[in-house]
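Engineer: Provided below for reference: sequence and predicted model.
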Amino acid sequence: MTTEQILLLLILAVTIAGFLWGRWRHDMVAVGSLFACVAAGLVPTNDAFSGFGHPAVITVAAILVLSRGLQNSGAVDAFTRFVLPQTSGPVATIAALTTLAAVLSAFMNNVGALALLMPIAVQIATRLELPPGRLLMPIAFGSILGGMTTLIGTPPNLIVSGFRVGNGATSFAMFDFTPVGAAVAIFGIAFIILIGWRLVPARERAGTEEFDTGAYLTEARIPEKAKAVGMTMRKLEEALDEAEAQIVGVIRNDMRLPALEPWSRLRAGDILIIEADPKALTSALSALDLKLEEAARDDEPEQPDAGPHDGDAHAPRLAPDAAASKDEQSSGAESSEDMVLAELAVLPDSPLVGRSATGIRLRSRFNVNLLAVSRQGRRSISRLRTLPLAAGDVLLMQGGPEAISEFAGQFGCVPLAERTLRLPDKRQAMIATGIMVVAVGGAAFGLLPAAVSFVAGVLAAMAFRVVPVRSVYDAIDWPVIVLVAALIPVAGAMATTGAADLIARFLLEVVAREHHVLALAIILIVTMTLSDFMNNAATAAVMCPIAIGTAGSLGVSSDPFLMAVAVGASCAFLTPIGHQNNTLILGPGGFRFGDYWRLGLPLEVIVIVVAIPMLIWVWPF
């Protein structure tokens, strides 16, 4: 063993201990490991930060941005309703999502498959009142299991097939991996569905808590061809119950109607007054194809309030012509400025108290919409735009960040939070979905490298404003990016110093002792172990020559050993750094480095128990 190998193994041992200890954040530990390798001369100084340009890092960042686009546009909500029954429980939901992830991963990049399902899982976890990680980890592991079932499902399979060609045989066919891969995937997914998901630690993602403002009272219009058109009040109430919302009134032809009979049918143009929790508001809108009234309607002439506040110095008036002129000038700005949703609390001494949105010419003066009002314990029969506001009301505003800030400062409102509410937009949802499909397709069919394909998708999402330009970098989980980028040169040092080869050969020569089945098991176990700490493609590249050499020394076919490498390189379930999918869920799931083994360890045992007999049966020595 060389000095370099000893130093690297010591650094890796300290790094793993730091990850498991959890005292320092994972990106800090990773950067410390990188600098230790640089200081020891194991990683060249010029290559220290090469990981930040690695395709794996770029791919992870791009996918996080594209996933945000799917969420913001409402595409996730529509896909969720299409794929899953809204009343399904945890087991049925995990079964459906994990199975779907596995099937998709067999024919497309498994990172892309997880990217499609990850936003859905986060939303459903909220509905089921489960920690997001309880759904994210099963889906991530399911997508990894599904990827090993076909030639194109995961990069290690392609690498293994290339080494087979280099050994003088033909390439593996598309479905040569299916018998062993499918058997492992079926047993693994069954374990995840029945038992495994309960082993996932219950973590809440840091920073996701939102200010509890109670239920919003808002208005939603029924557009032409919406699902709600022709629906009876009874059916409408049932649909809103599923979305955890309720209807408190109907406005038709600018008149508030008395309580409608259960069999009364709704018409296009009706305005529903809905009371809903902020998170449930999105579900209520998307389930019935409703549009928030204040966001959807064209500007109308606004009549100022006639009251003592009219001369308030804090609320200067605009003449009608000036108001119109400003409205015309701001219309272009609104189309170019990124729109946000923000919550503002009305202070007791605010000039807004007793006044309405129409009365202060909210839209014409500030280019801002009042979408909803939260007033706990009280309801109003007034229209939202004419509702006199009260101290303590929480207003959900839509507009440009600067416009909302100007309004809040002028009228004495306190910003609470920027709300992550997604307003359904079919056009944007279709664009977001199309961009993701094209990006995934470009990577899956080899038209472009995965990193290039997904970054092109991000560029398209920005151009079509699916993801606002100002929010692109906010969508990226930077600690995760730093973690992966810092450890890529460290993993490369394992190969260049020969440490990985040293470990593998020691186990084979000392433990296997010429036993064919034992040697096969060791190849699988060593590959799985290395894959938990190295890039899976790099692991396959390191282990394939060892597998071929082992088969040659034993005088048997190399196929079962190469297939063992393919399975082992894909099955990285113990750490967040072994596979990109594990890394993707680290931030959204709120996981720590040591959380993965609780589900991953028994799953890897199942993989070994199922894969060894299947390898011997399908690929005899």
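Structural biologist: All right, it came through fine. Numbering: from 1, shown residues only.
Engineer: where exactly do the strands run in the stretch 251-400 of the chain?
Structural biologist: 255-257, 271-276, 291-292, 340-346, 369-374, 394-399 (DSSP state E, counting those that start in this stretch).
Engineer: how about those strands in JSON lines, adding mean neighbour count, mean pLDDT and distance to Ala566?
Structural biologist: C-beta: built from backbone N, CA, C; applies to glycine. Shown next, in JSON lines, are the strands of the stretch 251-400 of the chain (neighbours: other Cβ atoms under 10 Å; pLDDT from 0 to 100; distance: least, Cβ to Cβ, whole Å):
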{"stretch": "strand 255-257", "mean neighbour count": "11", "mean pLDDT": "71", "distance to Ala566": "65"}
{"stretch": "strand 271-276", "mean neighbour count": "23", "mean pLDDT": "78", "distance to Ala566": "49"}
{"stretch": "strand 291-292", "mean neighbour count": "22", "mean pLDDT": "76", "distance to Ala566": "50"}
{"stretch": "strand 340-346", "mean neighbour count": "21", "mean pLDDT": "76", "distance to Ala566": "47"}
{"stretch": "strand 369-374", "mean neighbour count": "24", "mean pLDDT": "78", "distance to Ala566": "52"}
{"stretch": "strand 394-399", "mean neighbour count": "24", "mean pLDDT": "80", "distance to Ala566": "51"}
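Engineer: Poorly predicted segments of the stretch 301-450 of the chain, please.
Structural biologist: Low-confidence segments of the stretch 301-450 of the chain, defined by pLDDT under 70: 301-339, 348, 375-383, 416-424, 444.
Engineer: how about CSV for the strands of the stretch 251-400 of the chain, with distance to Ala245 added?
Structural biologist: Listed next are these as CSV, based on distance: least, Cβ to Cβ, whole Å:
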stretch, distance to Ala245
strand 255-257, 19
strand 271-276, 4
strand 291-292, 13
strand 340-346, 17
strand 369-374, 12
strand 394-399, 14
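Engineer: Okay, domains of this protein per the record?
Structural biologist: 6-204+477-618, 216-296, 308-418 (automatic domain parsing).
Engineer: The second one: how far from the chain's middle?
Structural biologist: The gap between where domain 216-296 is centred and where its chain is centred comes out at 29 Å by Cα atoms, centre = their mean, to the nearest Å.
Engineer: which SS class is Ala228?
Structural biologist: coil (DSSP: H, G, I helix; E, B strand; the rest coil).
Engineer: sorry, back to before: identify whichever of the domains of the chain lies nearest to Ala443.
Structural biologist: Of all these, it is domain 6-204+477-618 that lies closest to Ala443, at 4.8 Å by Cβ to Cβ.
Engineer: What's the mean pLDDT across the closest one?
Structural biologist: The average pLDDT within domain 6-204+477-618 is 82.
Engineer: ends of that domain, how far apart?
Structural biologist: 39 Å (Cα to Cα, to the nearest Å).
Engineer: what's the spacing between that domain and its chain's center?
Structural biologist: Distance of domain 6-204+477-618 from the chain centroid (Cα atoms, centre = their mean) equals 18 Å.
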